[in-house]
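**Student:** test case, fold it:
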Amino acid sequence: MNWKKTIITASVTATMLMGSLTTGALTAQVSAAAVDNSQVKVIWGVNLRTTPSSSAKIVRLVAKGETVTVLQQSGSDWYKIKDSANRTGYISSSSKYTQAISGGTSGSGSNSGTSVTGNASVEKVIAAGMKYLGTPYEFGASRNSTATFDCSSFVRQAFIDALGIKLPADSRKQGAYVKAKGTVQTNWKNLKRGDLMYFMSYKGSSASSYSGVNKSSATITHTGIYLGDGKVLHTYSNAGGGVTTSDISGKHWEYRFLFGGSAL
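**Tutor:** Sure, this is the predicted structure:
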């Protein structure tokens with residue numbers, strides 16, 4: 001018997017059984033977000049793979065308790081990482097498997113843009129929101145239940161689950177909260193992944209339906225989480241699928257958009 005081959009085969013099999021599967025088909029794919037040299041702690045064993053795919057070859061199992069360096073975000077589901085032995089590969093970016101280490105350093109200096117911790121927090125919020133895909137919509141849904149959501153209770157729950165942050169209970173107060181945090185954008189194309197979006201009431205499906213509207217004074221009636229790549233994660237009706245993702249460009253969401261910004 002080739003005992004070396006037997007041991008290797010058993011090891012790989014065990015690693016595959018303990019590994020992770022991602023729901024990439026359900027998650028919007030976006031351009032990679034730089035998180036240079038941030039460190040995360042593995043809180044649940046996760047497979048290190050050769051490419052950002054759940055079907056890619058497994059390098060090894062990264063065990064609970066290990067600290068790895070995140071080299072970059074790859075799409076919306078993966079981190080490219082380097083371990084303590086300087087091996088590189090890809091692990092799931094799901095908040096189930098890793099936890100950001102506060103005080104991580106950035107290799108590109110103090111003017112590197114969005115902070116490492118901020119990027120990790122954004123991914124945790126989005127992952128928390130994505131797990132509720134398909135949850136039914138209910139206007140005025142309870143803030144103490146995850147059985148149904150309206151738009152603002154959904155956004156609020158994503159932040160609670162991911163970061164323990166309790167946003168205000170309704171979309172208007174959430175919008176005021178975001179404005180108080182800093183600069184907001186009135187062009188949705190300038191938003192960053194994870195920014196919150198605020199919309200006015202539906203008036204029609206064409207841009208002309210909103211001509212002449214003073215958006216600076218329009219009332220907020222809807223909110224969602226910007227995923228990047230022209231998509232928003234939100235809920236607005238059961239006919240729309242409950243919690244879902246929607247394209248923005250050329251749709252009434254684009255014409256109804258008032259402003260957006262970070263709640264972090």
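
**Student:** got the buried residues for stretch 81-94?
**Tutor:** Applying a neighbour-count criterion of 16 or more other C-beta atoms under 10 Å, one finds 81, 83, 89-94 buried in stretch 81-94. Bear in mind the C-beta positions are built from the backbone N, C-alpha and C, glycine included.

**Student:** residues in contact with that stretch: which ones?
**Tutor:** The contact list for stretch 81-94 (C-beta atoms under 8 Å, 6 or more residues apart in numbering) reads 20, 22, 40, 42, 46-53, 56, 59-60, 62, 66-71, 73-74, 76-80, 97-98, 123, 127.

**Student:** stretch 250-259 now?
**Tutor:** Outside stretch 250-259, the residues that touch it by C-beta under 8 Å, 6+ apart are 175, 179, 184-186, 188, 197-207, 209-210, 215, 218, 220, 222, 232, 246-248.

**Student:** quick one: buried residues of it?
**Tutor:** Of all the residues in stretch 250-259, those buried under the rule 16+ other C-beta under 10 Å are 252-259.

**Student:** just want the most central residue of the protein.
**Tutor:** Relative to the mean C-alpha position of the chain, the nearest C-alpha, by C-alpha atoms, centre = their mean, is the one of residue 126, at 2.4 Å.

**Student:** and the helix or strand encompassing that residue, how far out from the chain's middle?
**Tutor:** Using DSSP states H and E, residue 126 sits in helix 116-130. On the basis of C-alpha atoms, centre = their mean, to the nearest Å, helix 116-130 is displaced by 5 Å from the centre of the chain it belongs to.

**Student:** and residue 41, bridged to which residues?
**Tutor:** For residue 41, the beta-bridge partners under DSSP bridges are residue 67, residue 99.

**Student:** I'd like the distance between it and residue 211.
**Tutor:** According to C-beta to C-beta, to the nearest Å, residue 41 stands 52 Å off from residue 211.

**Student:** looking at those two, which is more packed in?
**Tutor:** A side-by-side neighbour count of residue 41 and residue 211, using other C-beta atoms under 10 Å, places residue 41 first with 14 against 9.

**Student:** what's the spacing between that one and residue 174?
**Tutor:** With distances taken as C-beta to C-beta, residue 41 is found 30 Å from residue 174.

**Student:** ok, residue 176 touching residue 168?
**Tutor:** Yes. Residue 176 lies in contact with residue 168 (C-beta atoms under 8 Å); the separation is 7.5 Å.

**Student:** coming back round to it: OK, contacts around the residue nearest to the centre of the chain?
**Tutor:** When contacts are counted by C-beta under 8 Å, 6+ apart, residue 126 is found next to 27, 76, 158, 193-194, 225, 227, 233.

**Student:** flag whichever of those residues scores worst on pLDDT.
**Tutor:** Lowest in pLDDT among the contacts of residue 126 is residue 27, which has 36.

**Student:** so how far is residue 122 from residue 225?
**Tutor:** When C-beta to C-beta is the yardstick, residue 225 and residue 122 sit 9 Å from each other.

**Student:** list residues touching both of the two?
**Tutor:** When contacts are counted by C-beta under 8 Å, 6+ apart, residue 225 and residue 122 have residue 194 as shared neighbours.

**Student:** where do the strands sit along the stretch 51-200 of the chain?
**Tutor:** In the stretch 51-200 of the chain, strands defined by DSSP state E, counting those that start in this stretch lie at 58-62, 67-74, 78-82, 88-92, 98-100, 196-199, listed in chain order.
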